[in-house]
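Chemist: Whatever this is, show me its structure:
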Amino acid sequence: MKSVTILSAESVVGHRLRISFSDGKITEVDFKPFLERFDHPDYERYLNMDEFLKYRIVDGNINWG
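Modeler: The predicted structure follows:
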């Protein structure tokens, strides 16, 4: 079975990214609820838009930091 990977991601608005997958699907994900759920500095820093937008696609995954 072939793995599905992330090909690209673009900022839509706020903490929402439009993600394109290798299987042709495109979806929007709002990361803000996830980031707000955890009281930990490793996650809280990405509530800051400047930090959140520093994501990169590495080996088919979205990576921050």
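Chemist: Please enumerate the helices of this structure.
Modeler: Using DSSP state H, the helices of the chain run over 32-37, 41-44, 49-52.
Chemist: in the last one, what's buried?
Modeler: Of the residues in helix 49-52, F52 count as buried by neighbour count, 16 or more other CB atoms under 10 Å. Every C-beta, even on glycine, is put in place using the N, C-alpha and C of the backbone.
Chemist: And the contacts of it?
Modeler: G14, H15, F31, L35, R45, Y46, W64 (CB atoms under 8 Å, 6 or more residues apart in numbering).
Chemist: rewinding a little: out of the helices of the chain, which gets nearest to G24?
Modeler: Of all the helices of the chain, helix 32-37 sits nearest to G24, with 25.0 Å by CB to CB.
Chemist: Adding distance to L7, write the helices of the chain out as TSV.
Modeler: Formatted as TSV, the helices of the chain follow (distance: least, CB to CB, whole Å):
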stretch	distance to L7
helix 32-37	22
helix 41-44	25
helix 49-52	20
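Chemist: out of those, nearest to S20?
Modeler: helix 49-52 (18.5 Å).
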